[in-house]
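> Provide a 3D model corresponding to the input given below.
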Amino acid sequence: RRFATSTMACPMTPEALVKSCQENDGYETPELNDQLYLHFKGYQRIENLEPYTQLKALWLESNGLHVLEGLSHLAELWCLY
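The predicted structure follows:
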């Protein structure tokens with residue numbers, strides 16, 4: 001049985017990003033975070049990361065990502081998991 005991926009996808013909303021920061025001892029203000037833990041969330045698309053300009057490490061493993069895009073503005077990014 002096949003499921004439509006659009007109904008199973010979890011959107012990477014600004015609110016979900018802030019919630020993830022708070023759950024992982026980060027900051028509510030996006031620019032203050034240098035790490036962002038987004039693994040095992042069911043994301044299929046990278047979006048809404050524009051305010052996270054100081055990220056040095058980004059955890060995205062075990063999501064449904066098919067393309068790595070939306071990261072070019074993260075000039076400080078050193079580690080992508």
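> in this structure, which spans are strands?
35-37, 57-59, 79-80 (DSSP state E).
> for those strands, which one sits closest to Gln44?
Closest to Gln44 of the strands of the chain is strand 57-59 (CB to CB; 16.1 Å). Bear in mind the C-beta positions are built from the backbone N, C-alpha and C, glycine included.
> now the strands of the chain in CSV, with mean pLDDT, distance to Gly26 and mean neighbour count?
Shown next, in CSV, are the strands of the chain (pLDDT from 0 to 100; distance: least, CB to CB, whole Å; neighbours: other CB atoms under 10 Å):
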stretch, mean pLDDT, distance to Gly26, mean neighbour count
strand 35-37, 97, 7, 19
strand 57-59, 98, 11, 18
strand 79-80, 96, 15, 12
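> quick one: find the helix or strand in the protein with the lowest mean pLDDT.
Lowest on mean pLDDT, DSSP states H and E among the helices and strands of the chain sits helix 5-8, with a mean of 50.
> which residues touch the residue nearest the centre of the chain?
Central residue of the chain (CA atoms, centre = their mean): Leu38, 4.7 Å from the mean position. Contact analysis of Leu38 by CB atoms under 8 Å, 6 or more residues apart in numbering lists 12, 17, 20, 58-60, 63.
> could you report the neighbour count for the residue lying closest to it once chain neighbours are set aside?
The shortest distance from Leu38 to any non-neighbouring residue, by CB to CB, 6 or more residues apart in numbering, is to Leu60 (5.4 Å). For Leu60, the tally of surrounding residues (other CB atoms under 10 Å) stands at 19.
> tell me who's in contact with Leu60.
Neighbours of Leu60 in contact, by CB under 8 Å, 6+ apart: 38-39, 43, 46, 80-81.
> export these to a markdown table and tack on distance to Leu74?
Formatted as a markdown table, the contacts of Leu60 follow (distance: CB to CB, whole Å):
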| residue | distance to Leu74 |
| --- | --- |
| Leu38 | 13 |
| His39 | 17 |
| Tyr43 | 16 |
| Ile46 | 10 |
| Leu80 | 9 |
| Tyr81 | 14 |
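> nearest to His73 among those residues?
Proximity of these to His73 (CB to CB) peaks at Ile46, which lies at 11.2 Å.
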